[in-house]
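Asks: take a look and give me a structure for this.
(chains A, B, C and D, ligands or ions: 2)
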Amino acid sequence: MPGTGSEPKVTPDLAASHGLTHEEYDRVIRLIGRDPTYPELGLFAALWSEHCSYKSSRVHLRRLPTTGPRVLQGPGENAGIVDVGDGFALAFKIESHNHPSFIEPFQGAATGVGGILRDIFTMGARPIALLDSLRFGPVDDPVARFLLGGVVAGIAHYGNCFGCPTVGGEVAFAPEYARNPLVNVLCLGLVPKDGIFRARADGVGNTFLYVGAKTGRDGIHGATMASEAFNETSAERRPTVQVGDPFTEKLLLEACLEAFRTGAVVGIQDMGAAGLACSLSEMPARAGTGADVDLDRVPQREPGMTPYEILLSESQERMLLVVERGREAEVQRVFQKWELDAVPIGRVTADGLLRARVRGEVVAEVPVRALTDEAPAYDRPRARPDWLDGERALDLRSVPEPADPGATLVRLLAAPTIASKRNIWRQYDHMVGINTLVPPGSDAAVLRIKGTPRAVAVATDGNGRYGQLDPFLGGAMAVVEAARNVVCAGGRPIAMTNCLNFASPERPEIMWQFAETVDGIAAACRALAIPVTGGNVSFYNETLGRAILPTPVIGVVGLLEDADRRTTQWFKAAGDVVVLLGEPAGGLGGSEYLHTVHGRLGGVPARLDLDRERAVQAACLAAIEAGCLRSAHDCAEGGLAVTLAESCVTGPQRLGALVALPEEGRVDELLFGEAPSRIVASVAPEELERLTQIVREWAVPVHVLGHVGGDRLEVRIGAATRVSVPIGGLADAFENGLTRALDQPVEALSGRESEGSA
Amino acid sequence: MRFGVVIFPGTWSDMDFHHVISQVLHQPVEYVWHRDTDVDRFDCLVLPGGFSYGDYLRAGAVAGRSPIVGALPGFVARGGLVLGSCNGFQILCEAGLLPGTLLRNDCLQFRCQWTHVTVEQTESPFTRGLRRGQVLKMPIAHGEGRFHADPALLRQLRERDQVVFRYATEAGEVTVGANPNGSAWNIAGVCNEDGTVVGLMPHPERAAEATVGSTDGLLLFHSLLGSLVENGSVLGR
Amino acid sequence: MRARIVVRLRPGILDPQGTTIQRALDGLGFPEVRDLRVGKVLDLTLDETDAGRARQRLDEMCRKLLANPVIEDYTCEVLDGEDGGRAR
Amino acid sequence: MRARIVVRLRPGILDPQGTTIQRALDGLGFPEVRDLRVGKVLDLTLDETDAGRARQRLDEMCRKLLANPVIEDYTCEVLDGEDGGRAR
Ligand SMILES: Nc1ncnc2c1ncn2[C@@H]1O[C@H](COP(=O)(O)OP(=O)(O)O)[C@@H](O)[C@H]1O
Ligand SMILES: [Mg+2]
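Replies: Ligands and ions are numbered 1, 2, ... in the order given. Prediction:
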């Protein structure tokens, strides 16, 4: 029995204050056969937290398809890995940092970037791109402005200083995120196929080498914090804020990659959530080994740290390596060169226990499997929310049709969720590495893989409104939309990662939303044959009972065999023919139009036919690969009219277009209705026939809408011209919409103070 | 021509320069660690972009006092050439090897975007192959690129032809709107009195292949290599 | 009335800037420096003649904008007020 | 021995950060603020017992690294030395 020292006596109440339920605490006692010591309680509380154990989501995540011919590493490691040919592989994963970003947006977002970068380079990969998917409250809310400013600056600070380009992402605004911003960051890294590292503590007798920054009292309870909803007392937890140091992270990256080349590194894991505790239990658990470590040897930034604090600190920019016994010096020399600590703190053992000592005395001794595999898993109660039918029942007769659809189009283009995010991404270095072939501003970013003719296309997507009205559809739509974005860039989707942002899993209607979403994702993945290689679940995104929209954020990675075949979303030349792959009809349920113009969230979103979707994507890709598309743009938020306008104004050369749509139903439905399986493309007139042939092979309808040219976007419906707006007006709305909305004065109140009252 | 690309702990454009020099220009190139001071095997040293020491105090301040930078005056005196881009420019200014100072952008934000610069002098080995007034398209990516010099120094730089590049429109007009960071006199790059040390905020290595958007950055290197061909050696050694 | 506000990271909060500068000083021959931490100083003029009221306003500014209570502490000084005392 | 170094932009050098903060304060209802400028404060411990020598070392650090004389001024204070005086 480990000594207890001067630490608090462990009682069921203390366990409860650590977030362990009575049943969970009993389970701890059953598993270790006695009362835990205080540090042991800390270990269980952290590793059994929702954040680390996935206890509410595990039973559902199993339903995701995770295998495919290119998958070298599926879920279960720090990142997924797919084979991209020529001896290269891509490591990639998405992570949330929602809760820390609400408490301190700059550092919260910065350390979120730091965490996902480490997940990628622990696999042996050099990070080559970041994407950030963000959600905030409406821009006229000062708190949202404060959070947006801080989050973007934090991402810029960390990514720019570290030297990894931020090449894409999304930003959307809705009232449901007002006190629960979402900050999801995806990172992509390139690794030689034979240079992949894993988070395993293999080889009894090998050495645990602690490397990187020193351990301070940062972020203790971070893992348990991400496993709770916000309430009035959340502010008191503030001293746990971690500060990111991108410079040290950069040193850590270079040192790790150089250390890997010594051949002496057996395994590696970053110390993220739950810090040393997590690495010291997960690494041995994966390898069927144990760990015996001396906490006195852990480099410490502050005096007087307790074993509990050392084990649970979430200080950033640290890694745990397992090094072949006898070769420690080789690895240490590398870290010395980069002026980083590298200290042996213990050994891999055969007994399956995590044993931590202080001055020789054992302060914690528990089976690693008790902390990991034996963590509780719940199939929590699920119930379809009773408000759902009410929200889905939208009587379109109560929605007046726009008198001037052109003006409505301009308004939609200027809506913060649709308008250009240039003011955000120009704060990110999106070029370092000189791989960026398509920068932010098109459907997907495209990065070349140097030394090969190939390129990778990557995009993130997720629409919380669809999730709210139909979570199964929300999950499926996020997948097909992210994939469609990648396809529009010329990429063949090969794998995806997902970040599932939800409110409290302890509420049956939230758990129902979660389960439905997972099923929707799984169905779409199967239909498109895109395996899931990893992801992240963020629960408890609610403040004072107000839940976020169920928001799955999907990141899809695609491969271009020929980087020169990449395609962008904007029109290229006057005279080109504008075509629509898919059917024009859209629906107003859950649309941006209903939200922006009518202030409503409701209705039934358009149906998704997965076979049709697969065919549209395959047809588009075939056309791009045959070299007969000049542009391709996914038709999403804002519908056909917004998609056309974006193709007119987002390129280096602004071009007008004249298109005609068949007269059919409501004008707003036709122009602004949303539906999957639609791509607006342009094609040189002499290629139109070839395009039509290719697309027909996939049984996909092609509609010739009109042609590119002129200085306005003109849309005729039947005989009437319903939209005729000068390109300058469209461009102005799109380019300046977000900035103008942010510049509009609000009640003079700083975000920080009002946040304190949240 | 033998190139050395200097690496400080937080440098990140090192691999980009290495790629351009070796894969695009097919010139011999080596990395040089910031503690090295033995640099006489090189004709030209490149100080790339990055955050050399996190750049927490002032951009380039710590690196400006590093061993390799201490070796630069001797290297230059013996005929060596030095190109500093972005953080490299900041370091050269901090070390006093180039005139002026680079301050926080007037917009207070990091800026990553394409810029155009006019060529203001063609006496330096890096610009000898260019035309005065020629417009080059190269991107910037920095938070501290506002070139500052007091009026006397500014006058001196102009009189001595030490202003190398100025931010301009695509058509070559030097305007306030074309100035991305509030630099004095739109200055994007300067040189020492001999033209052998050149610093600029834009990234020539990011404008060296058509596929990433421009090849104008190569012109600096072509000037350099052209000078080499004409004279047999730029260094005369 | 001249005033000065100093905003510092709270004790225990990581200060990467301070650490880096200290290491640089060490490398330049100043090994005697320890515990270096970096803060911000804001010098300003207040259109206000009453020192007590001035201090109160400075404190308000810090809470509303200048200091980030999550990670920073602050002190305010009125420099040429009647008593030149500290607000906090 | 504790010491403090304050580094400020020289008068006449544009301080966009100061201007922006002042404008933000104005927007938050503090129109009485003028001439706001932002500087850096470095708090540190010196392994040195002689205040005079400490001040000399601080001054050296500033000249060698901490301040850029072209744009910045600095002051050094020894806080708990025998006389607590200013170096400059
Ligand atoms: N939504 C999900 N879909 C698939 N895999 C997931 C999902 N969420 C988490 N995972 C996987 O579970 C493992 C644990 O994730 P996580 O605890 O987030 O890792 P980390 O400790 O690096 O944050 C990872 O391999 C991750 O990819
Ligand atoms: Mg991880």
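Asks: which ones are touching residue A:250?
Replies: A:161-163, B:9-10, B:12, B:51 (Cβ atoms under 8 Å, 6 or more residues apart in numbering or on different chains). All C-beta atoms are positioned from the backbone trio N, CA, C, and that covers glycine.
Asks: quick one: which of those residues is nearest residue C:74?
Replies: Closest approach to residue C:74 among the contacts of residue A:250 (Cβ to Cβ): residue A:161, at 25.8 Å.
Asks: what about the strand or helix carrying the closest one, near chain B?
Replies: Counting by DSSP states H and E, the element that carries residue A:161 is helix A:142-162. Yes. Contact of helix A:142-162 with chain B is found when judged by Cβ under 8 Å from any Cβ of the partner chain, involving A:153, A:156, A:160-162.
Asks: before we move on, back to that, what subset of the contacts of residue A:250 is buried?
Replies: Among the contacts of residue A:250, those classed as buried by 16 or more other Cβ atoms under 10 Å in any protein chain shown are A:161-163, B:9-10, B:12, B:51.
Asks: what parts of chain C come near ligand 2?
Replies: Proximity of chain C to ligand 2 is assessed by Cβ under 5 Å from the ion, with no residue identified as in range.
Asks: point me to the residue of chain C nearest chain B.
Replies: Across chain C, no residue is closer to chain B than residue C:17, which sits at 3.6 Å (Cβ to the nearest Cβ).
Asks: check contacts around residue A:349.
Replies: Going by Cβ under 8 Å, 6+ apart, the list of residues near residue A:349 reads A:204, A:284, A:289-292, A:355.
Asks: ok, now with 6 Å
Replies: Taking Cβ atoms under 6 Å, 6 or more residues apart in numbering or on different chains, we find residue A:349 in contact with A:290, A:292.
Asks: what residues of stretch A:341-355 count as buried?
Replies: By 16+ other Cβ under 10 Å, the buried positions in stretch A:341-355 come out as A:341-349, A:352-355.
Asks: please disregard the earlier target; I meant stretch A:411-428.
Replies: For stretch A:411-428, by 16+ other Cβ under 10 Å, it's A:411-422, A:424-428.
Asks: hmm, back to that, SS state for the residue of chain C closest to chain B?
Replies: With DSSP: H, G, I helix; E, B strand; the rest coil as the basis, the three-state label of residue C:17 is helix.
Asks: how near is it to chain A?
Replies: Residue C:17 sits 9 Å away from chain A when distances are taken as Cβ to the nearest Cβ, to the nearest Å.
Asks: for residue B:25, same thing?
Replies: With distances defined as Cβ to the nearest Cβ, the gap from residue B:25 to chain A amounts to 14 Å.
Asks: shouldn't residue A:72 be within a strand?
Replies: Yes. Secondary structure assignment places residue A:72 in a strand (three-state DSSP).
Asks: can you name the residue of the stretch 401-550 of chain A nearest ligand 2?
Replies: Across the stretch 401-550 of chain A, the shortest distance to ligand 2 (Cβ to the ion) belongs to residue A:536, at 9.3 Å.
Asks: so that residue sits against residue A:95, correct?
Replies: Yes. Checked against Cβ atoms under 6 Å, the pair residue A:536 and residue A:95 is within contact range at 5.0 Å.
Asks: so where's chain C uncertain?
Replies: C:81-88 (pLDDT under 70).
Asks: okay, now the residue of it found nearest ligand 1: neighbour count?
Replies: Taking Cβ to the nearest ligand atom as the measure, the point where chain C comes nearest ligand 1 is residue C:14, at 20.6 Å. Residues near residue C:14, counting by other Cβ atoms under 10 Å in any protein chain shown, number 26.
Asks: related to what we said a few turns ago, may I have the helix holding residue A:161 as CSV, with CA atoms only?
Replies: Listed in CSV are the C-alpha atoms of helix A:142-162, where the atom choice follows Å, rounded to 0.1, in the frame of the first residue of the first chain:
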residue,chain,number,x,y,z
PRO,A,142,-19.5,41.7,-27.6
VAL,A,143,-18.5,38.4,-26.0
ALA,A,144,-18.5,36.8,-29.4
ARG,A,145,-16.3,39.5,-30.8
PHE,A,146,-13.9,39.2,-27.9
LEU,A,147,-13.8,35.5,-28.3
LEU,A,148,-13.3,35.6,-32.1
GLY,A,149,-10.5,38.2,-31.8
GLY,A,150,-8.7,36.2,-29.1
VAL,A,151,-9.1,32.8,-30.7
VAL,A,152,-7.9,33.9,-34.2
ALA,A,153,-5.0,35.8,-32.6
GLY,A,154,-4.1,32.7,-30.6
ILE,A,155,-4.2,30.4,-33.6
ALA,A,156,-2.1,32.9,-35.6
HIS,A,157,0.4,33.3,-32.8
TYR,A,158,1.0,29.6,-32.3
GLY,A,159,0.8,28.4,-35.9
ASN,A,160,2.8,31.3,-37.3
CYS,A,161,5.6,31.1,-34.7
PHE,A,162,5.8,27.4,-35.0
